[in-house]
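>>> After the sequence you'll find the predicted model.
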Amino acid sequence: MTLASGAALLPALGPVWAARADEAPQRLVVVMLRGAVDGLNVVVPYGEPAYYDARPTIAIAKPGGDNGALALDGHFALHPALSGVMPLWNDKKLAFLHASGSPDPNRSHFDAQQYIENGTPGRPSTPDGWMNRTLAALPGTRTPTDALAVGPTLPFILRGPVAVANLPLGPRAAQPMAIDQPQVASAFDKLYAGNDRQAEAYRQGRQARTELIADMSSEEQMADNGAPPANAFPAVADRLAALMTRDRHIRLAFAALGGWDTHINQGSDTGQLAGHLKPLGDGLAVLAKGLGPDWNDTVVVVISEFGRTVRENGNRGTDHGHGNVIWIAGGRVNGGKVYGEWPGLADAQLYQNRDLAITTDYRHLLATVLERHLRLPDAAMAKIFPGMPAMRGDLGQILAA
């Protein structure tokens with residue numbers, strides 16, 4: 001576990017909210033699906049004939065058919081591999097926002113992921129991530145574990161001037177480091193004994209590592225055992241839930257899963273995509289169960305950099321697209337509904353004659369979560385999402401007051 005911020009590990013030491021030991025903090029967990037998941041086969045528009053015309057081999061059968069999708073309403077259904085989250089949907093703690101995403105037309109994975117993470121589509125020069133700016137906007141007292149990135153390196157979304165804890169996955173998560181040796185630790189403690197920002201960042205990093213590693217049992221340390229990211233998600237979710245229930249300071253958490261770039265042999269109800277979706281859905285259910293009562297104060301957002309083409313390609317896969325579906329789950333979510341303005345899949349309704357159009361800017365959903373769940377003021381939104389256009393639609397209903 002490391003503590004990271006910008007390029008120089010210089011945390012902004014202004015006040016940031018921290019929960020009392022007996023107080024439930026409001027949490028936000030973001031799961032990034034790197035590689036561009038096919039949202040049209042996640043939340044299937046089975047009520048639209050154009051969907052089946054465009055996907056003769058990879059479409060998901062209608063509800064009620066053999067291996068059919070799981071009906072959500074009269075128009076949309078869920079991929080059958082995601083049966084693990086249907087209890088959350090039925091309890092109205094899971095919702096989807098369709099035809100959403102970044103308004104930037106870029107189809108480069110690298111650029112599009114950066115725009116999702118920096119919160120400024122089309123502006124690659126933004127030096128920090130929107131979750132780091134969110135952390136800076138939270139009121140209260142700073143602690144070393146206010147924000148946690150689960151993975152081997154700090155993602156761009158959490159980079160910035162505010163210090164963030166970074167916990168690697170797998171057996172290496174708690175592997176002893178040089179800093180854990182008493183002699184080395186003592187030397188560094190003396191070196192960074194001052195009151196400057198670098199010294200403060202060092203002390204916060206040491207404290208965060210001590211707290212988080214102490215919270216992990218040996219079973220949790222070995223849970224993923226080098227498994228591919230998507231397949232490891234149930235174990236990662238279980239570990240994250242354990243850390244969040246034990247450490248009341250964690251307000252923001254981030255995890256990324258790879259393997260969603262399905263150009264070839266995507267599959268339909270079974271196959272490559274289905275094999276990734278099942279552990280994703282099961283992991284979300286594990287997270288909800290593991291958080292226990294804290295689930296009521298947690299919002300989870302699952303997002304990808306862009307969607308995929310409406311029409312399948314010659315390799316029985318899909319290519320880089322535009323509009324996609326965002327998941328939102330949690331105790332305060334007004335779920336059991338597919339939100340957003342559905343643009344349709346007829347040729348005249350497609351973006352650039354190939355993709356699902358975007359009718360909701362992804363920042364609008366995130367800003368709604370930050371305002372209604374984390375209780376940040378409008379003034380903070382201008383700093384977290386500079387240049388964001390005015391909101392529209394029914395997103396205000398997605399979270400309970």
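Yep, that arrived.
>>> For the helix or strand containing Glu371, give me every contacting residue.
Using DSSP states H and E, Glu371 sits within helix 362-372. Here helix 362-372 makes contact (CB atoms under 8 Å, 6 or more residues apart in numbering) with 28, 97, 100-102, 116, 119, 121, 130, 134, 299, 301, 303, 326, 328, 376-378, 380-381, 384-385, 388, 391-393, 395-396, 398-399, 401. In this view, the C-beta of every residue, glycine as well, is placed from N, C-alpha and C.
>>> Narrow these to those in helices?
Among those, the members found in helices (DSSP state H) are Ile116, Trp130, Thr134, Asp378, Ala380, Met381, Ile384.
>>> Quick one: buried ones out of these?
Ile116, Trp130, Thr134, Ala380, Met381, Ile384 (16 or more other CB atoms under 10 Å).
>>> farthest pair in those residues?
Comparing all pairs in these by CB to CB, the longest separation belongs to Ile116 and Ala380, at 19.3 Å.
>>> Mind checking what secondary structure Met32 has?
For Met32, the assignment made with DSSP: H, G, I helix; E, B strand; the rest coil gives strand.
>>> what residues are up against it?
Contacts of Met32 by CB under 8 Å, 6+ apart are Gln113, Ile116, Glu117, Pro155, Ile157, Phe254, Ala255, Ala256, Leu257, Ile303, Ser304.
>>> Around the fifth one, how many other residues sit close by?
If you count neighbours by other CB atoms under 10 Å, Ile157 ends up with 26.
>>> Helices of the stretch 201-350 of the chain, residue ranges please.
Applying DSSP state H, counting those that start in this stretch to the stretch 201-350 of the chain gives helices spanning 218-221, 233-246, 272-291.
>>> what helices or strands is the longest one leaning on?
Meaning helix 272-291. strand 27-33, helix 86-90, helix 233-246, strand 298-304, strand 324-330 (3 or more CB pairs under 8 Å, 6 or more residues apart in numbering; DSSP states H and E).
>>> and that helix, how far out from the chain's middle?
13 Å (CA atoms, centre = their mean, to the nearest Å).
>>> which of the residues in that helix are buried?
So for helix 272-291, counting by 16+ other CB under 10 Å, buried means 272-274, 276-288, 290-291.
>>> where does this protein have low pLDDT?
1-23, 169-229 (pLDDT under 70).
>>> and the gap between the nearest residue to Gly323 once chain neighbours are set aside and Asp73?
Residue nearest to Gly323 in three dimensions, not counting chain neighbours: Leu356, with 3.4 Å by CB to CB, 6 or more residues apart in numbering. Shown here: Leu356 relative to Asp73, a distance of 18 Å by CB to CB, to the nearest Å.
>>> So those two - more neighbours on which side?
Neighbour totals were compared for Leu356 and Asp73, and Leu356 leads with 29 against 10 (other CB under 10 Å).
>>> Please list all residues in contact with Gly344.
Taking CB under 8 Å, 6+ apart, one finds Glu48, Ala50 in contact with Gly344.
>>> actually Val310, not the one I wrote
Contacts of Val310 by CB under 8 Å, 6+ apart are Leu40, Ala50, Tyr51, Ala54, Arg55, Gly321, Leu345, Leu350, Arg354, Asp355, Leu356.
>>> Out of those residues, which comes closest to Leu88?
For these, the nearest to Leu88 is Leu40 (21.1 Å; CB to CB).
>>> which one is Met244 nearest to, not counting chain neighbours?
Ile250 (5.1 Å).
>>> Sorry, slip of the keys, the one I care about is Met391.
Per CB to CB, 6+ apart, closest to Met391 is His364, 4.8 Å.
>>> ok, that neighbour to Leu356 distance?
17 Å.
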